[in-house]
Structures are given as C-alpha cells and as structure tokens.
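Visitor: A predicted structure for the sequence below; I have some questions about it.
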Amino acid sequence: AQKITQTQPGMFVQEKEAVTLDCTYDTSDPSYGLFWYKQPSSGEMIFLIYQGSYDQQNATEGRYSLNFQKARKSANLVISASQLGDSAMYFCAMREGRDDYKLSFGAGTTVTVRA
Amino acid sequence: ETGVTQTPRHLVMGMTNKKSLKCEQHLGHNAMYWYKQSAKKPLELMFVYSLEERVENNSVPSRFSPECPNSSHLFLHLHTLQPEDSALYLCASSFLATGGSSYNEQFFGPGTRLTVL
C-alpha cells in the first residue's frame, strides 16, 4: 500500500496567490514525521517544512505552512503569495518510528506559477 | 564547498562500462543515503549508511555497489547496467534520527543524471 498519496500531478497558480498542495498518508505508528521538499528543474531536493506527529500546532516556515489534520491523515502544504521561483516539483514524505532512516515519498506535484 | 555535492552531474554510459558516482557532504552528518528517481515514480531509497555501516539495502540489484569509506563520502559503483537504470541518482545526508517524529531532515545533493545506452 502506498504510504504517501499526492493526488495532484500538476497545478497552475497566479503570481501572488496562494496554492494548496494535497498530501495524505497512511501509517499505524503513533510516532511519525512529515516533510515537504521542493525540487526545481536543477534536480536538488530542498527541505521546506516539517511536522511531527506529536506537534500541537501546525508548522509554519516563512511563506510555507502545513495544514496538519491528524484524524484525516492529511498534511497539506500551503504556499502563500506565490512567486515565479516557486515553480518546481513538490514532494511530501514521511518517516515512521520503526524505520528511523527511511523516508517514504509521494509521487509529487508540479507547480507552475504564472506571471 | 557547502552542503552535499555530487559528481558527475551527468553521465552517459554503455551497458558494459564501469563507472562510479561520488557524493560528499560537508555538514558533519553521520548518515548518508542513495536514492533513485525515475520518471513518473516516487523516489526509491536504495542504500543507507549510518556511521559508515550499511543499515538498509532495499533489494537493489548487485550491479549497484555502494561504498562508504568515511562519514563524509559515499560512492555508488556501477557495472553492467541496463537501460532501465537510467534515472536521476540523488545522494542525501542527515544526523541519525532517534525516532519517526524527530526532525533530522535529509539534505540532498543536486543528483547525477545517468543515461544507460
């Protein structure tokens, strides 16, 4: 079974608008962490934001925020005030308690920001 | 040099060639990873080294052979590859995680784009 599901293969967003990228996850472990990475066309994966399963508040990091809904097993990324440089592939990933080293990645969502 | 570097950035090789990918991290991390990223597929974890010992090997074919001589360097030796091995190979490093909910994000290099003819 897939552990991370990203249902949006591609999205277009107007510059300066907000965009929400969906991510749902599947785990029975109470201890887990959720990560979002950005991959521009250059190839490098850039860490954006992290949410731990025991964190009480939604994570925020500059223009990035994570809408964490534990009961729904959802961890959507919100990018506010989109910029042209935000055009990239975005990946949601999860690490579970039993596998400290292993990140399970989703298939990714391509975001294209239009001027 | 800062962060995680990978060389070469691009590699074209025939099926009978032997080549090596190199990864170096300058972050003082003690775990290093190799991932394979194929088109339209999620990233696949290939190997994990923790304190220079291999702790994970996800049923990777023996034509891929990793080597971790120290905590800063990681190699992936390639021999008799197949065209389906063409992909972006990403190296990453991190501090050892102490449980699923610990932060310890992985830092990635820019990858090596491998084409097998």
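Guide: Cool, got the structure.
Visitor: who does residue B:24 bridge with?
Guide: Legend: beta-bridge partners of residue B:24 under DSSP bridges are residue B:5, residue B:73.
Visitor: just checking, it touches residue B:32?
Guide: No - judged on CB atoms under 8 Å, residue B:24 makes no contact with residue B:32 at a distance of 9.6 Å. Bear in mind the C-beta positions are built from the backbone N, C-alpha and C, glycine included.
Visitor: who's more crowded, these two?
Guide: residue B:32 (25 against 18; other CB atoms under 10 Å in any protein chain shown).
Visitor: In what element of secondary structure is the more buried one found?
Guide: Assessed by DSSP states H and E, residue B:32 sits inside strand B:31-37.
Visitor: Not counting its neighbours along the chain, what's nearest residue B:54?
Guide: The shortest distance from residue B:54 to any non-neighbouring residue, by CB to CB, 6 or more residues apart in numbering or on different chains, is to residue B:47 (6.3 Å).
Visitor: on that earlier part again, quick check: neighbours of the strand holding residue B:32 in the sheet, parallel or antiparallel?
Guide: strand B:44-50 (antiparallel), strand B:87-94 (antiparallel).
Visitor: Now render those as TSV, adding mean pLDDT.
Guide: Shown next, in TSV, are the strands paired with strand B:31-37 (pLDDT from 0 to 100):
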stretch	mean pLDDT
strand B:44-50	90
strand B:87-94	95
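Visitor: how about these, which one is nearest residue A:58?
Guide: Nearest to residue A:58, of all the strands paired with strand B:31-37, is strand B:87-94, at 23.4 Å by CB to CB.
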